[in-house]
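K.L.:
Sharing a model prediction with you, sequence too.
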Number of protein chains: 2
Amino acid sequence: MKKLINKPEDFARETIEGIVLAHPESLKMVNNSWHCLVRADEKKEGKVAIATGGGSGHLPVFLGYVGYGLADRVTVGNVFASPSAEAMHEVDKAINSGAGVLHLYGRYGGDIMNFGMASDLDEMEDIPVKEVLVTDDIASAPKGSESKRRGVAGLVFAYKCAGAAAEKMYNLDEVARIAQKTVDNTRTMGVALTPCIVPEAGKATFSIAEDEMEIGMGIHGEPGIHRTKLMKIDDVVSNIMEKILEDLPFEDGCEVAVLVNGLGGTPKEELYLAYRKLYQILSDKNISIHRKYIGEYATSLEMAGMSISLLKLDDELKEMIDAPCYSPFFEQNH
Amino acid sequence: MKKLINKPEDFARETIEGIVLAHPESLKMVNNSWHCLVRADEKKEGKVAIATGGGSGHLPVFLGYVGYGLADRVTVGNVFASPSAEAMHEVDKAINSGAGVLHLYGRYGGDIMNFGMASDLDEMEDIPVKEVLVTDDIASAPKGSESKRRGVAGLVFAYKCAGAAAEKMYNLDEVARIAQKTVDNTRTMGVALTPCIVPEAGKATFSIAEDEMEIGMGIHGEPGIHRTKLMKIDDVVSNIMEKILEDLPFEDGCEVAVLVNGLGGTPKEELYLAYRKLYQILSDKNISIHRKYIGEYATSLEMAGMSISLLKLDDELKEMIDAPCYSPFFEQNH
């Protein structure tokens, strides 16, 4: 297990400790628990609070998206493990300023269960709560079963747009509507070249040959659509884009935001190779790129691979995606 | 060779094409050559121009540091290979606005030769030119031979401070003085867990056992100080910090900027584990962290590993390090 860590069982907690030491002006713990983090600035009276959460091992997901114009709190579990409903409820109480809480998270079994229980606890204490699940991974369930799909890097678009709506003082129904609209217009697909190693497990999440890649793999190593010989990046991108474009569909003349996301072990150079081909494909289809994000936005520890996400924009979503935001991991001023 | 690329011989050029397609508002080619990139905004009359350059494969080094408050142009070679003196001279002509050019780059054989020839060509055309070499890697030569050391992640501090001085309209001598002062006060040491593969070579830059790490390795895979069994991150950081602190030395009570840099294949989580220990060590020594950078700032393709850089600050360097800057890869507003 080739990692720069201390004891595997301390990995998630010590990572959070490092982050809170580095960014005390942005993030603070609730109840002195590393599982519960909220924005360090004063909460704004009457603003809808956005709550997210999930397992560790995906930085900047999830806690990197807690900040101005993004989410307000995050509950963090161990690596690839859901945090508890009680922890979620505790931070919901801390962030609610009267306008209610939106649970915004990726669709995974443990998180669905725990966020559901947290919602019940919130409601017993009269905290208004709604939930929107991010379901952007087209490789995880076929067209027609969109609501059964997993949430992957498309989370970033959901935080960005819902966070902008909350900052504009939209009410809970409206923030939830914007979040759901963002999810409905987002499609993602990825490819993995190597597995990662969960520190406490100490072994690779799956095995794959030196000359193979997995198309459509999930960010915990869930199986994809098929395994194939390593392909050229241009062919990988063409393959992914064909599936993404037809799934929504994204038609000629539409405007999109794109996210080329590295999974942790892939160098930035390769992400720009992917963007080069993506740009050519979208130009040929007369689809214009309104905004682009290229880098590591949702990872899987040291996994090598990448994903492409597209968000189809209308004027309302453009306003949200263009709004400023700030966290130590994700800043947008332009 | 597990990479997401097209033909290995096209890797560097296609990467640059992707970057220029993604960031046309920030970067443009000179003479239609992917080797020659300059800031896309108008040059400022009378401002000293900062020129850097070196091989590909180190993103965001070098071209990620071309922008407002940073460098003005970059010359890019193939992977780990120096660009030509002629290309350097061509962009020097393009960026000089009367106040001269500072060549600011990491100390490596090929780059020293080519930047030297470019300086000669510049002088023949009466372009005032000075050079400052970044020599921050304490593992590459012993104390007393500081000027023989390699340049690694400390480049980032040099770009930041010299770029701020140039933006403040300091003259060429003063910008060079600030650059040299930054280098003189910067110390870096790194550790590598895995090699990387240069696309055209198709094989690993070195071999290392599954339970070993190399302390003090250079960013092209140059040998370090010693090879050892994998250690806990706390011990790795203690080891590095002991050598860094005594080398300058950094005394009790001083103020520093720190850079915890991932080499490409190391997850952000591990960089924050390193910061956690670094913070504890500096707190114990009463050294205060004025500013911190944690992420991938100078890489070596998909190499796993990290480096720590410290810059000792006085009031003048604090003013430079705190100045705003902007490039698509490195933005500072706060």
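P.N.:
Okay, I see it. These numbers come from a predicted model, not from an experiment. Numbers count the residues shown, from 1 in each chain, chains lettered A, B, ... in the order given.

K.L.:
can you pull the contacts of whichever residue of the stretch 1-150 of chain A sits closest to chain B?
P.N.:
Residue nearest to chain B within the stretch 1-150 of chain A (CB to the nearest CB): A:Gly18, separated by 3.4 Å. No exception for glycine: its C-beta is placed from N, CA and C like everyone else's. The contact partners of A:Gly18, taken as CB atoms under 8 Å, 6 or more residues apart in numbering or on different chains, are B:Tyr272, B:Leu273, B:Ala274, B:Tyr275, B:Arg276, B:Tyr279.

K.L.:
host element of it?
P.N.:
Per DSSP states H and E: A:Gly18 is located in helix A:11-22.

K.L.:
Look at the residue nearest to A:Ala94 when sequence neighbours are not counted and report its pLDDT.
P.N.:
Leaving aside its sequence neighbours, A:Ala94 sits nearest to A:Val30 (CB to CB, 6 or more residues apart in numbering or on different chains; 4.9 Å). Listed pLDDT for A:Val30 reads 94.

K.L.:
what's near enough to touch A:Val30?
P.N.:
Applying CB under 8 Å, 6+ apart, the residues contacting A:Val30 are A:Cys36, A:Leu37, A:Val38, A:Arg73, A:Glu90, A:Val91, A:Ala94.

K.L.:
The third one: how many residues sit nearby?
P.N.:
Spelled out, it's A:Val38. Neighbours of A:Val38 under the rule other CB atoms under 10 Å in any protein chain shown: 21.

K.L.:
Chain neighbours aside, what residue packs nearest to it?
P.N.:
Counting by CB to CB, 6+ apart, A:Arg73 is the residue found nearest to A:Val38 once chain neighbours are left out, at 4.2 Å.

K.L.:
thinking again about what came up before, where's the residue nearest to A:Ala94 relative to A:Asp235, distance?
P.N.:
According to CB to CB, to the nearest Å, A:Val30 and A:Asp235 sit 47 Å apart.

K.L.:
next one: A:His226
P.N.:
Going from A:His226 to A:Asp235 by CB to CB gives 14 Å.

K.L.:
Just to be sure, A:Ile208 is in a strand?
P.N.:
No - in this structure, A:Ile208 is coil, not part of a strand, as judged by DSSP: H, G, I helix; E, B strand; the rest coil.

K.L.:
isn't it right up against A:Cys196?
P.N.:
No - with contacts counted by CB atoms under 8 Å, A:Ile208 stays clear of A:Cys196, the gap being 11.5 Å.

K.L.:
Could you check which of those two has the larger neighbour count?
P.N.:
A:Cys196 (27 against 17).

K.L.:
Please look at the more buried one and A:Gly305 and confirm they touch.
P.N.:
No - using CB under 8 Å, A:Cys196 is not in contact with A:Gly305; the gap is 9.7 Å.

K.L.:
Can you pull the residues of the stretch 1-150 of chain A lying near chain B?
P.N.:
Contact residues, the stretch 1-150 of chain A versus chain B (CB under 8 Å from any CB of the partner chain): A:2-7, A:11, A:14-15, A:17-19, A:21-22, A:56-57, A:59-60.

K.L.:
Contact partners for A:Met213?
P.N.:
A:Met213 sits next to A:Val191, A:Ala192, A:Leu193, A:Arg227, A:Thr228, A:Lys229, A:Leu230, A:Met231, A:Val236, A:Gly305 when contact means CB under 8 Å, 6+ apart.

K.L.:
And those residues, which two are furthest apart?
P.N.:
By the measure CB to CB, A:Lys229 and A:Gly305 form the most distant pair in the contacts of A:Met213, at 15.2 Å.

K.L.:
Pick out whichever of these two has more residues nearby.
P.N.:
A:Gly305 (28 against 8).

K.L.:
circling back: shouldn't the residue nearest to A:Val38 be in contact with A:Val66?
P.N.:
Yes - counting by CB under 8 Å, A:Val66 is a contact partner of A:Arg73 at 6.4 Å.

K.L.:
now A:His290: how far from chain B?
P.N.:
As defined by CB to the nearest CB, to the nearest Å, A:His290 lies at a distance of 13 Å from chain B.
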